[in-house]
Structures are given as structure tokens and as C-alpha cells.
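> structure, please.
(chains A and B)
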2 protein chains.
Amino acid sequence: MKLAVDAMGGDYAPEEVIKGVEQARDAYPDIEFLVFGQAERVTPLVTNMTRISVKNADEVITMEDEPVRAVRRKKNSSIVLAAQAVKDGEADAFFSAGNTGAVLAAGLFIVGRIKGIDRPGLTTTMPIIGSETANQFVMLDVGANADYKPFNLVQYAIMGKSYAESVMHVANPRIGLLNNGTESDKGDRAHRATYDALAGLTDINFVGNVESRDLLNGPADVVVTDGFTGNATLKAIEGTALTMLSTIKDGIMAGGMKSKLGALMLKDTFRSVGHQMDYSQYGGAVLLGLQAPVVKTHGSSKAKTIKNTIAQIKAMVDGGSVKDVNTYFETHSDDMAALKDKLK
Amino acid sequence: MKLAVDAMGGDYAPEEVIKGVEQARDAYPDIEFLVFGQAERVTPLVTNMTRISVKNADEVITMEDEPVRAVRRKKNSSIVLAAQAVKDGEADAFFSAGNTGAVLAAGLFIVGRIKGIDRPGLTTTMPIIGSETANQFVMLDVGANADYKPFNLVQYAIMGKSYAESVMHVANPRIGLLNNGTESDKGDRAHRATYDALAGLTDINFVGNVESRDLLNGPADVVVTDGFTGNATLKAIEGTALTMLSTIKDGIMAGGMKSKLGALMLKDTFRSVGHQMDYSQYGGAVLLGLQAPVVKTHGSSKAKTIKNTIAQIKAMVDGGSVKDVNTYFETHSDDMAALKDKLK
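So this is what the prediction gives:
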């Protein structure tokens, strides 16, 4: 497979991006890399050019750029040129650690949607803590679309199922709807309508409503939600985890010798908890519903996360997830049109 | 003041409720208690009848009862009779640790709304961690109304402000809108409209959008949100905190002697973190927008939490929060009608 890489995005670009690409190149002999960025900065960083081509991109989309405008105007930016390479069939997938909005916009406007998908959904992998049967789940949409219709959520369920099967290798993945109670009549009108539509879909293993309180315990392999609620929930989990870790740390620092000694003895435990909560190890956020995998990693990603993200993209391409979704919506176009009409 | 108490609600009712009432009676000499419950069970639990009257209520609304139907049919339940006592002016406020939906329904249908308030909002107090200027904030609505209009959120801001002033004693409280980004154009249509309305309201100190990631760091004293997002966010914070504490505990138990010894040395630190995260210490959830304080404490509340909740209700009654809100909506009825019309 061929991967288009934005070398200029992220807090540690281009150095850590190139390091991660080289690590992935060494680990996966079947990947070729098209690396987009300012050639005079990027090329000297590459220690070994095997299966790596640097493609010059004069412009850089920064974190401060207004995403849609930047994608329209900065035609020679690494994000736009990398997306264009996918569109032109020169690469099978595209990833970036840069401006999230610009990556999503480039995915939507340049790579393009799968026919029948109204709104691609931003999909993130989260940890399941303390379960013996599963250690991760995916949640979508976590922020691509703040405004939505129940029909979009039905499409997320189908795309999420395919992703869980092909990338996470889960057979018959459990699909849950994020709602404010587990009973079938919970939620606002839109979520009640979504529940009914998901319950009526025979192609998925719908396990009903799940609550944000239980997410980390793993009630579902795929959690379907609207982009507004998904974003708030994801950020609440992140923020609480960070606050608790820093509060414990502050308590230790303020606690004198005894507490510092205790912390030293618990170092492995803290490291393991931090590791379990650190979902960047699971790769980046994927905009599902596009003609090719488009993946955004955390801006703070270093080489190891870049490499993990490339492994995740490889699984998506090898597993044929995009092709599966394409086929599903092609063969079910009449059912989907009828469902969309019903959910209007 | 006179307080109507549901003695039959909660996991440890009636024993712990009565214990908490007696502790509050001893601490606050100006409160009289009307305690509603099955007299043959409740009366023997009271060790000292000073300022406590047991009012017999034959029926009990259980956690399994469908709330609205239960309030309509179980006319002799402790929840219905306690709410009726408030309605009839025999009590100034009502609280319960029982069926949340039934408490909200009794508040809405029996105690009744303040004139001009379309949808009362469920309000909870949350901890602010590691700030030197504030140690708590309130968030509403956390689940009374899954379906909402921007105008409801404007009313939450006004009620939240009054609550923060009178109960938390915060001068000119900072009002934030929970949204999926801090920029003014973030969110779905409803939240963008709410932002504009709040920014145009001169009576409040609107500090803009806040993200769920930052809530525990205290960006606002009052966080305004819709009941669907607020519920998901609250439960995500709760669930993540519990999962992290139990993961650390599991890690310690699995970690052998060194890690158990370390944990012993950090006991005070863990206790302090657990204490900071335990928001039941701040009292119960209040349904703001009713003619009198109606407060729901956690079902797992024991005597100490019951006593804290009574202190909170006393602050609400003493601070005249309900009267303030009543006056505001009376004197601003034209402005509010115009704003409601504009936000349609």
C-alpha cells in the first residue's frame, strides 16, 4: 500500500513525523510513503530513503488557520497535496497530526465521501479498563458534525461495525447508542428515533442504549453518538483522567517524604494506569465514510504514536473496511433511502 | 423554616434519612421537620421528637415505579404528600433520596413552576480541583429535559446566577455555556443561538463557551447546558473518576508487598483525592425554577450527606433564591417574552 503523509502537522513536526515514518517503514515492508512537506526541511531529516519519497509542498496550514478557507486557498500545502494524492489514486490513505478541521475538510472536499453517506463521522478508539474479553472500543461521531439527523447515526452504526470487524478483528461487534439512560425510551426525540431505527436494523448486533458513566467498562464495541454529545463525552473523560492524575501528583508532592516514598513504590502501578488511559497508543481519529482512510493523530504525537497510527491505517487498508462500506451502501441503497425518508 | 422530608426514599431509608434529619435538627435550631413515611416504621427510629413531626404516608414510590404514573396514582405516598405540604404552604422546601423521576414529577406537577419558567432545570454542584479562588461550581440542566430550546438555556443562566449568589455566596458569578470549543462560533445551531442570546444579556457575567475537558478546573461558577449533554457529561466525569480509582486499587492489590506498602504511605493522598471528587458532600441536585426548593440527594446517601443536603436547602431558603428568581421573571416578563419569540 501507499500512504500519503503530512510531514508538517503536529507540535513536533516535521522531526517526529519523519522518525515515526522511518520506524513504520522498517516494521512494515509493504508500505511505501509519499511524504508531503517543505522539502528543504524534510529531506535532510530522512536517514534512509528506502520506500520514502519526499514531495515538496511550499505552504503550511497552521493550527490557527480557519480550516475550510485554508484548504480552499493553500493549494500547495502538505494537507491539500496529500489529500489530492489519495484522490488521484497515487496513495491509498492519508494521515496528519495537524489542524483537525483542515484534515477533515480536505477529507470531505478532496478525498470525497462514499456514495450514500451523508455525513462522515469522526471515530476514535478508547480503552476498556478491567475487562477480560475486550480492551478497546470505538466511538463515533466525536465531533465532525455538531448538527445531525438520526439517519446519520444509523450510518455511523454500519460504518463502526465494519471498522470493528476489519481493524479491531471483533466478530459480530456489539453496537450501543450513547444515551442518558439504558431503557429503550430514554433520551430526546432524535435519540429515541435513532434507537428505534437501530433496533430495526437486522444487519447489526444492537445492544441498546449505553451511558457515558459505563463507557470505560466496555458495554459495547462500537458506541454510536451525535458529534455534539460525543465530543462533550470524550473531552469529559479526557479531562477527568488528567485532573485526577495531576491531583494525585500534587498530593504526593505536597505530602512530604513518606508520601514521596509511597509514590516511588507505586511507580509501576501509576505507569500502568496512565498507560491504560492513554488512548493515543491506539492510533488516531478516523473520518469514516470517505473513499479512503483519512486519519488525524493528536497534535502532541511523537514518533511512537505516529508509527502506531500507521499500523492502524495499514489494518484499515488491508481489512478492506472502506470497500466493505462502499459495497454495503451500494447494495442497500434502496433500504437506506427508505429509512432516510422514514427518519425525516 | 419548615422542611418536608421523604423518609422512604434511598437505599438506606428510612434509617439513614432519620439519622441525618436528627443531626440537622441538632445543628440548625431554626428548622422544623415534617417527616413523611410509614409511621409504624419511621416513628420508632426517631430518638428525640424535638421539632420533628412524623406524617403518615401509607404508600411508597419505589425505584422501579414509572415516575409520572406513580405520582398521579400513589396519592398517599411520602413523595406526593411531602410535595403537597409545600404546595399548601405547610413547608418551605422538600427533599428526597428516592426515585429521581418521581421527585421531579412531584416538583413540576404539585409544587409547580415559577411563572415565566418553561422548563425547570436539574442543577448539581461539582468540585473545582486545584483552584485557589473557587472550590465548586453548579451545572444545569443535568437531565430534567432531554429536549430543549435555546430559550430554556437562557433561563438556566439566570436561575444559576441567583443560586450561585444566594447559596454559594459568589459575587457576580461567571456564567459559561458548555460547548464543543471555546470560540464563539462553536457548536450546533441551538448552542450558537444560545451563545448569542447569553452574550446579549446584560444582567449576567457571561464568560463564553467552556469545554467539558476543563470543567473540573473551574472556568465558570455556573455551567449552562442542555439536559442531554449535561447528563452525558456529568456521568462521563463520574464514571471516569470511579474507573480510575478502582484501576489504581486493582493495580495496588495485584502489585505485591511493595505496592501495598506504597499505598499505605499514600493513604492520606488517596483519601484527599477521593474526598475532592466526591460531590455528594456538596448536597443534592436541585430542580431550579419551582415555587420552592425541591432537592434530590443520591440514592446511596447516608446520614452525613442527608445533613449536608439539609444545610444546602437551608441556604436556599435563607438566601431567598426562589423569591429572587420569581421577582426577576416578574419584572422582566416583557424582555423574556421578546427573547423567547426571537429564539423560536
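
> hey, let's count contacts and neighbours off CA atoms from now on
Noted.

> per-residue pLDDT, A:T243?
At A:T243, the predicted lDDT confidence score is 88.

> go on, A:I248?
83.

> tell me the helix or strand right after the one helix or strand it maps to.
Counting by DSSP states H and E, the element that carries A:I248 is helix A:227-254. Later in the chain than helix A:227-254, the nearest helix or strand by DSSP H and E is helix A:256-265.

> and that following helix, which residues are buried?
A:S259, A:K260, A:L261, A:G262, A:A263, A:M265 (16 or more other C-alpha atoms under 10 Å in any protein chain shown).

> which residues touch the fourth one?
The contact partners of A:G262, by C-alpha atoms under 8 Å, 6 or more residues apart in numbering or on different chains, come to B:L261, B:G262, B:A263, B:L264, B:M265, B:L266.

> tell me which of those residues is nearest to chain A?
Comparing these against chain A with C-alpha to the nearest C-alpha places B:G262 closest, at 3.8 Å.

> how about the helices in the stretch 201-344 of chain A?
Using DSSP state H, counting those that start in this stretch, the helices of the stretch 201-344 of chain A run over A:227-254, A:256-265, A:267-277, A:303-319, A:321-331, A:333-342.

> quick check: bridge partners of the most centrally placed residue in chain A?
Closest residue to the average C-alpha location of chain A: A:A285 at 1.4 Å, with C-alpha atoms, centre = their mean. On the basis of DSSP bridges, A:A285 is bridged to A:K296.

> ok, it touching A:V138?
No - between A:A285 and A:V138 there is no contact under C-alpha atoms under 8 Å: 9.6 Å.

> by mean pLDDT, which helix or strand of chain A comes out lowest?
The weakest-scoring helix or strand in chain A, judged by mean pLDDT, DSSP states H and E, is helix A:267-277 (a mean of 78).

> mind checking if it is in reach of chain B?
Yes - shown here: helix A:267-277 in contact with chain B (C-alpha under 8 Å from any C-alpha of the partner chain) through A:T269, A:F270, A:S272, A:V273.

> show me what A:V223 is bridged to.
Going by DSSP bridges, A:V223 forms beta bridges with A:M139, A:G176.

> and it, how far from A:D30?
Remark: distance between A:V223 and A:D30 (C-alpha to C-alpha, to the nearest Å) = 32 Å.

> what about these two, which has more around it?
Neighbour count, other C-alpha atoms under 10 Å in any protein chain shown: between A:V223 and A:D30, A:V223 has more, with 30 against 11.

> in the stretch 151-300 of chain A, which segments are predicted with low confidence?
Counting by pLDDT under 70, the ranges of the stretch 151-300 of chain A that qualify are A:279-280.

> go again using 80 as the cut-off
A:255, A:269-270, A:272-283 (pLDDT under 80).

> neighbouring contacts of stretch A:274-281?
So stretch A:274-281 is contacted by A:T125, A:M126, A:P127, A:I129, A:A241, A:T297, A:H298, A:S301, A:T305, A:N308 (C-alpha under 8 Å, 6+ apart).

> quick check: of these, which has the highest neighbour count?
A:T297 (26 neighbours).

> what's the spacing between it and A:A303?
A:T297 is 11 Å from A:A303, by C-alpha to C-alpha.

> what do these two both touch?
Contacts common to A:T297 and A:A303, judged by C-alpha under 8 Å, 6+ apart, are absent.

> now the one helix or strand A:V42 maps to: mean pLDDT?
Assessed by DSSP H and E, A:V42 sits inside helix A:39-42. For helix A:39-42, the mean pLDDT works out to 97.

> and whichever helix or strand comes after that helix, which residues are buried?
Sequence-wise, the next helix or strand downstream of helix A:39-42 (DSSP H and E) is strand A:52-56. The neighbour-count check on strand A:52-56 (16+ other C-alpha under 10 Å) flags A:I52, A:V54, A:K55, A:N56 as buried.

> show me which pair in those residues is furthest apart.
Maximum pairwise distance in the buried residues of strand A:52-56, criterion C-alpha to C-alpha, is 12.8 Å, between A:I52 and A:N56.

> distance-wise, check the closest residue to A:I31 other than its chain neighbours relative to chain B.
Spatial nearest neighbour of A:I31, chain neighbours left out: A:M1 (5.0 Å); criterion: C-alpha to C-alpha, 6 or more residues apart in numbering or on different chains. The gap separating A:M1 from chain B is 36 Å, by C-alpha to the nearest C-alpha, to the nearest Å.

> tell me how many other residues crowd A:M1.
By other C-alpha under 10 Å, the residues close to A:M1 number 14.

> got a pLDDT number for it?
At A:M1, the pLDDT recorded in the model is 96.

> what about A:N172, neighbour count?
Residues lying near A:N172 (other C-alpha under 10 Å) number 15.

> nope, A:G218 is what I was after
Residue neighbour count, defined by other C-alpha under 10 Å, stands at 22 for A:G218.

> could you do A:V294 as well?
Neighbour count for A:V294, taken as other C-alpha under 10 Å: 28.

> and if you look at A:F137?
A:F137 has 26 neighbours, counted by other C-alpha under 10 Å.

> cool, and the one 4 residues further on?
Applying the criterion other C-alpha under 10 Å, we find 32 residues in the vicinity of A:D141.

> tell me the one of the buried residues of strand A:52-56 nearest A:I158?
A:I158 has its nearest neighbour among the buried residues of strand A:52-56 in A:I52, at 34.8 Å by C-alpha to C-alpha.

> residues touching the closest one, list them.
A:E32, A:F33, A:L34, A:V35.

> 10 Å - rerun?
By C-alpha atoms under 10 Å, 6 or more residues apart in numbering or on different chains, the residues touching A:I52 are A:2-3, A:18, A:21-22, A:25, A:31-35, A:43, A:46.

> re the thing from before, can I get the helices of the stretch 201-344 of chain A in TSV with distance to B:A13?
What follows is those, written out as TSV (distance: least, C-alpha to C-alpha, whole Å):
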stretch	distance to B:A13
helix A:227-254	32
helix A:256-265	39
helix A:267-277	37
helix A:303-319	51
helix A:321-331	53
helix A:333-342	47
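
> wait, A:E32 touches A:A93, no?
No - counting by C-alpha atoms under 10 Å, A:E32 does not reach A:A93; the two are 11.1 Å apart.

> what do the two both touch?
Counting by C-alpha under 10 Å, 6+ apart, the residues touching both A:E32 and A:A93 are A:M1, A:K2, A:L3, A:A4.
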